[in-house]
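Peer 1: need a 3D model of the following:
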Amino acid sequence: MGEFSGRVALISGGASGIGRATAEGFAAGGASVVIADINVTLAEKTAAAIGDKAFAVRLDVADEPSWIAAVEAAVGRFGGLDYVVNAAGIAPPSSVAITELEDWNRVVGINQTGTFLGCKHGLLAIAGTGRGGAMVNISSVQGLHGHAGSFAYCTTKAAVRMISQSVALSGALFQPPIRCNTVIPGYVDTPMLAPVGEMFGGMDKLVAGMVKDVPLGRLVKPEEIANAILFLCSDKAAMITGTEIKVDGGLTVPMPMTYTPGM
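Peer 2: Predicted structure coming up:
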């Protein structure tokens, strides 16, 4: 019997990257998992790879009726919902002076509104199950520090952190309580890096530059982010809500000082 036996988790953006690694972790712990993704073909492939405990649904996170349908499908298939992980997100490069309103609205819709809707409908569904539960939202180190080339992404990922804190206080009013926390990934080796790699002359060049900023010397693996998510959903974290866990290899610890001699 795994620590999540008899429980049900819905993961937005669950078809690939951090979402897929999280779904696999939940399933390994005994949970039934709902792979919710706008790419339903890839979601179905991921669900098939995980096995009978996985079920794929199409989810456009920026659309409220889509969230309602996905949650209803999860409850209808598995009888309830215990965990929601808001892992869907996009990170198109953008500088404030050249960001078109249409592009801004798309990033806000997926990263920020999508997280809000996931928390809203997740909270209601988890409460309906009556077992308590937890939600985890995925922010970013760029939600902690600004970046000239990631204007919309930075803004929305900072908003995700405040969403989690506010939802944590609302969730605490339920009986049993429903917890909400944030995971802040550093540079993660996922397909999301591919468009950025093209801008920097290829993935090898991009990764070589990125790891220079990371004290532990490499990119984070998706399953390492998933481990933090699973911990926050587990009974081991029963008194943890409204908090943040950074999984960044120390990226946000040092103050950049290019004149510091090597040691």
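Peer 1: from here on, just use CA atoms for contacts and neighbour counts.
Peer 2: Noted.
Peer 1: in the top helix by length along the chain, what's buried?
Peer 2: Longest helix in the chain by number of residues, with DSSP state H as the criterion: helix 151-171. Residues 151-161, 163-165, 167-169, 171 are the ones in helix 151-171 that count as buried (16 or more other Cα atoms under 10 Å).
Peer 1: again, but for stretch 72-80
Peer 2: Neighbour counts over stretch 72-80 (16+ other Cα under 10 Å) mark 72-75, 78, 80 as buried.
Peer 1: just the residues you listed: which are in helices?
Peer 2: Filtering those for helices - DSSP H - leaves 72-75, 78.
Peer 1: I'd like to know how far A62 sits from A226.
Peer 2: 23 Å (Cα to Cα, to the nearest Å).
Peer 1: do W104 as well
Peer 2: Distance, W104 to A226, by Cα to Cα: 28 Å.
Peer 1: more crowded one of these two?
Peer 2: A226 (23 against 17; other Cα atoms under 10 Å).
Peer 1: for the more buried one, pull up the helix or strand it's in.
Peer 2: Assigned by DSSP states H and E, A226 belongs to helix 222-233.
Peer 1: wait, is V183 part of a strand?
Peer 2: Yes - assessed with DSSP: H, G, I helix; E, B strand; the rest coil, V183 lies in a strand.
Peer 1: worst-scoring helix or strand of the protein, pLDDT-wise?
Peer 2: In the chain, the helix or strand scored least confidently by mean pLDDT, DSSP states H and E is helix 194-199, which has a mean of 63.
Peer 1: now the stretch 151-263 of the chain, which segments are flagged as low pLDDT?
Peer 2: Low-confidence segments of the stretch 151-263 of the chain (pLDDT under 70): 192-200, 255-263.
Peer 1: let's see that with 90 instead.
Peer 2: 189-213, 254-263 (pLDDT under 90).
Peer 1: pLDDT and distance to D37 for the buried residues of stretch 72-80 - can I get that in JSON lines?
Peer 2: Below are those laid out as JSON lines (pLDDT from 0 to 100; distance: Cα to Cα, whole Å):
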{"residue": "E72", "pLDDT": "98", "distance to D37": "15"}
{"residue": "A73", "pLDDT": "97", "distance to D37": "13"}
{"residue": "A74", "pLDDT": "97", "distance to D37": "13"}
{"residue": "V75", "pLDDT": "97", "distance to D37": "17"}
{"residue": "F78", "pLDDT": "97", "distance to D37": "18"}
{"residue": "G80", "pLDDT": "97", "distance to D37": "19"}
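Peer 1: checking A47 next. Helix, strand or coil?
Peer 2: Per three-state DSSP, the secondary structure class of A47 is helix.
Peer 1: can you pull the buried residues of stretch 129-142?
Peer 2: For stretch 129-142, the neighbour count (16+ other Cα under 10 Å) marks 130, 132-142 as buried.
Peer 1: just the C-alphas of that stretch, formatted as PDB.
Peer 2: Extracted C-alpha coordinates of stretch 129-142, given in PDB (Å, rounded to 0.1, in the frame of the first residue of the first chain):
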ATOM      1  CA  THR A 129     -14.900  14.400  -1.200                       C
ATOM      2  CA  GLY A 130     -14.700  15.100   2.500                       C
ATOM      3  CA  ARG A 131     -11.200  13.800   3.200                       C
ATOM      4  CA  GLY A 132      -9.300  17.000   3.100                       C
ATOM      5  CA  GLY A 133      -6.500  17.300   0.700                       C
ATOM      6  CA  ALA A 134      -3.900  19.600  -0.900                       C
ATOM      7  CA  MET A 135      -3.100  21.700  -3.800                       C
ATOM      8  CA  VAL A 136       0.300  22.700  -5.200                       C
ATOM      9  CA  ASN A 137       0.900  25.500  -7.600                       C
ATOM     10  CA  ILE A 138       4.100  25.800  -9.700                       C
ATOM     11  CA  SER A 139       5.800  29.200  -9.700                       C
ATOM     12  CA  SER A 140       9.400  29.900 -10.900                       C
ATOM     13  CA  VAL A 141      12.600  31.500  -9.800                       C
ATOM     14  CA  GLN A 142      11.500  34.200 -12.200                       C
END
